[in-house]
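> only geometry, no sequence info:
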Ligand SMILES: O=C(O)[C@H](O)[C@H](O)COP(=O)(O)O
């Protein structure tokens, strides 16, 4: 018998092994394979998006803390956890700079293809949390006119710089989504990007989704691409991952296997957030822990569009990654799990 908490962690979370061992009994399992029988011996779980945490996994288990090393938390049944007094900790904002790098790499690639620059173009950002606000900020810095849409934030701050979705969509040359996937509540986002959403967009506009596949109705996006209503779709997050729509893959100009936030520094920040959450919960001396082998990113606020655009493929070649996914969509999950994390550019 030991007083140490028993913690089950996803074995694909980088930089984690060895860190908590002095203070906890650690067990590492494949995230998608953590079962109810496993959870029966766990006091806490450290997970990624691959572990669905609901009653089926948690009923009758001693789990009292779930720390997810990700921004998104739609894989965790929050009402269930509230009701059963299970603390949920997320890694808010951890990979915002990775997603910024992804979106700017995509826009730079399309700009090179179609011969445009940000001047005179309007970028619409739907969801202005830690990721969306950074993209809006850099969008303005690079010379886009930026419109921000975030109904919950607009309600809290009626004087803030927010545009309603139906006013924004017809004005934007590019619409990029950074909303959480929510099914219930006052602002559900599930299936938000549907036929009427795409019909409201400016003809020939670009649609970018790096948030969650579930915010899109695939058939409606496919139709918007087939009809030529949209000039490009850039898709990193998909419905039914890893069994993604081959039709959408064929019609997306840039397509990747849910790796927008996969940078060394983003993963380090995600793991650090999870370790710190566990440390606080169990009073361990790791409240400020950060992987010692990782150098935090150094943002260069002076970089301009031209320099960013020409340097980007050396850091992140989004066209090459698109070709890889197109060639082997059946390897979606393998590509994610074996991904060589990028270095942050910004
Ligand atoms: O929610 C997030 O943080 C991102 O979607 C992240 O890329 C997911 O990370 P994963 O579960 O694949 O490690």
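Structure received. Fair warning: this is a prediction, and the values are worked out from it, not measured in the lab.
> So which residues of the stretch 1-150 of the chain form helices?
With DSSP state H, counting those that start in this stretch, the ranges of helices along the stretch 1-150 of the chain come out as 36-39, 55-58, 78-83, 96-114, 130-142.
> who in the stretch 201-346 of the chain is up against the ligand?
Among all residues of the stretch 201-346 of the chain, those adjacent to the ligand (criterion: CB under 6 Å from any ligand atom) are 261, 336. Bear in mind the C-beta positions are built from the backbone N, C-alpha and C, glycine included.
> Let me see the ranges of the strands in the chain.
6-10, 25-29, 44-47, 65-68, 87-89, 122-126, 145-149, 174-177, 205-209, 230-235, 254-255 (DSSP state E).
> Let me know the pLDDT of the closest residue in space to residue 74 that isn't next to it in sequence.
Distance criterion CB to CB, 6 or more residues apart in numbering; nearest residue to residue 74, sequence neighbours excluded, is residue 181 at 4.1 Å. Confidence at residue 181, expressed as pLDDT, is 97.
> can you tell me how far residue 181 sits from residue 112?
Applying CB to CB, to the nearest Å, the value for residue 181 to residue 112 is 31 Å.
> And those two? Which one has more around it.
Set residue 181 next to residue 112 and count neighbours by other CB atoms under 10 Å: residue 181 wins out with 19 against 14.
> Please identify the most buried of the helices of the stretch 1-150 of the chain.
Across these, the average number of neighbours (mean count of other CB atoms under 10 Å) peaks for helix 96-114, which reaches a mean of 23.
> is any part of that one close to the ligand?
No. Figure legend: helix 96-114 not in contact with the ligand (CB under 6 Å from any ligand atom); closest approach 7.8 Å.
> Between strand 205-209 and that helix, find me the angle.
Using axes from the mean of the first three to the mean of the last three CA atoms, to 10 degrees, the direction of helix 96-114 lies 150 degrees away from that of strand 205-209.
> angle of helix 96-114 against strand 230-235?
150 degrees.
> Show me what helix 96-114 packs onto, helices and strands only.
helix 130-142, strand 205-209, strand 230-235, strand 254-255, helix 264-282, helix 305-315, helix 318-327 (3 or more CB pairs under 8 Å, 6 or more residues apart in numbering; DSSP states H and E).
> Tell me which of these sits nearest to residue 53.
Between residue 53 and these, the shortest gap by CB to CB is with helix 264-282, which sits at 13.7 Å.
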